[in-house]
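S.K.: Quick one, what's the 3D model for this:
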Amino acid sequence: MAILCHGDGGEFTVADLTCRSHREVELCVLHHRSTPTSGIVPMQWKVHKLPTPPDMKIDPSLWTTDAIFPLDGCLCWVDYYQGLLLVDVLLANNIWHRSSGAAPLHPALRSRRYYIDADAPDPFRHVSVTDAVIVKLVCIFTKHSSLSNFTIITWSFDIRKGTWIKDSGNTVEDAEFFGMFDAARSRMLPRVRPSFPVVSLADPDVVCFMLEEVLEDHCVYWMIEVNMRNKKLQSSAPYMREEEEEGYIYITLESLAGSFMVTTLSPATSYRI
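M.R.: Residues are numbered from 1 along each chain as shown. Presented below is the predicted three-dimensional model:
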């Protein structure tokens, strides 16, 4: 389910897309208009059945929604392994987008879904929209079921043509990826396959990844920012979950308190910080 804001009076539209068969999709919409003089805003859900174009090349019966975002005045539903569905939810008949209602992925990207978890995002594919309204798809491909052999490729969506274009010069192999660590002298970063890519809002060539190092009794996480075109590690920082961060702060305060007691208080003092 998604919300599309429009107009200058606080209008918005709530929409939900359900794919029930390969012949049609079901769209439920609720329009919220500006408040009339009577103070009563009539709202009602409407259900529209949209027949799929014969040349759509996307099977709605196999569809899984990974992301939803506004694009060119429409709402865009994304399946990381099939493509995009763009619907103009503001029109009375809720038609497909005028030029790219259905945009299937390039055949090289179409594969079965390896990671299936309804409550968690896909760790190896992600679609992002930048501030310049550039739609980017980042894919992390693994070779021979190895955790250290991989290739990262980015694609851009051309809304005018309704096609995906592979970004020239933005492909990074595993050796090249780890070479960025060496060039930046970041020896603490683990040499593991990255996951959960997110494209920068400001720079479409910059992608943020998570690194997970599995140790004997716990895992260590890092967030890194990589320029895919310049092949450069721009930043890195350790990542901690909220509960870990609270524990870290508690331990740090306790250690600081102990040090303070030892170095500043007299032996006869029994204060506790």
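
S.K.: Pull the residues that contact stretch 229-238.
M.R.: Contact with stretch 229-238 is made by 167, 169-170, 172, 176, 179-181, 183-184, 186, 189, 205-206, 220-227, as judged by C-beta atoms under 8 Å, 6 or more residues apart in numbering. The C-beta positions use only the backbone N, C-alpha and C, and glycine is treated the same way.

S.K.: Which of these are buried, as a PyMOL select command?
M.R.: Applying 16 or more other C-beta atoms under 10 Å to these, the buried members can be selected in PyMOL as follows:
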select buried, resi 167+170+172+180+181+189+205+206+222+224+225+226+227
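
S.K.: among the contacts of stretch 229-238, which are in helices?
M.R.: Counted as lying in helices by DSSP state H, out of these, are E176, G179, M180, F181, A183.

S.K.: Just to check, the fourth one is in contact with V192?
M.R.: In this case it means F181. No. If you go by C-beta atoms under 8 Å, F181 and V192 don't touch, sitting 11.0 Å apart.

S.K.: Next, the contact list for V226, please.
M.R.: Contacts of V226 by C-beta under 8 Å, 6+ apart are V172, F177, M180, V206, V207, C208, F209, K232, L233, Q234.

S.K.: one more time with 10 Å
M.R.: Applying C-beta atoms under 10 Å, 6 or more residues apart in numbering to V226 gives the contacts 152, 172, 177, 180-181, 194, 197, 200, 205-209, 232-236.

S.K.: which one of the ones in helices among the contacts of stretch 229-238 is nearest F12?
M.R.: M180 (42.4 Å; C-beta to C-beta).

S.K.: If we ignore the residues flanking it in sequence, what's nearest that closest one?
M.R.: Distances taken as C-beta to C-beta, 6 or more residues apart in numbering place L233 nearest to M180, at 4.1 Å, with adjacent residues excluded.

S.K.: which SSE is that neighbour in?
M.R.: In this assignment (DSSP states H and E), L233 forms part of strand 232-239.

S.K.: so what strands line up beside that strand?
M.R.: strand 219-227 (antiparallel) (DSSP bridges).

S.K.: if I look at F181 and V192, which residues touch both of them?
M.R.: Jointly contacting F181 and V192 under the rule C-beta under 10 Å, 6+ apart are L211.

S.K.: residues near A120, how many?
M.R.: Look at A120: counted by other C-beta atoms under 10 Å, it has 8 neighbours.

S.K.: so where's the stretch 101-250 of the chain shaky on pLDDT?
M.R.: Counting by pLDDT under 70, the stretch 101-250 of the chain has low-confidence residues at 116-119, 144-147, 241-250.
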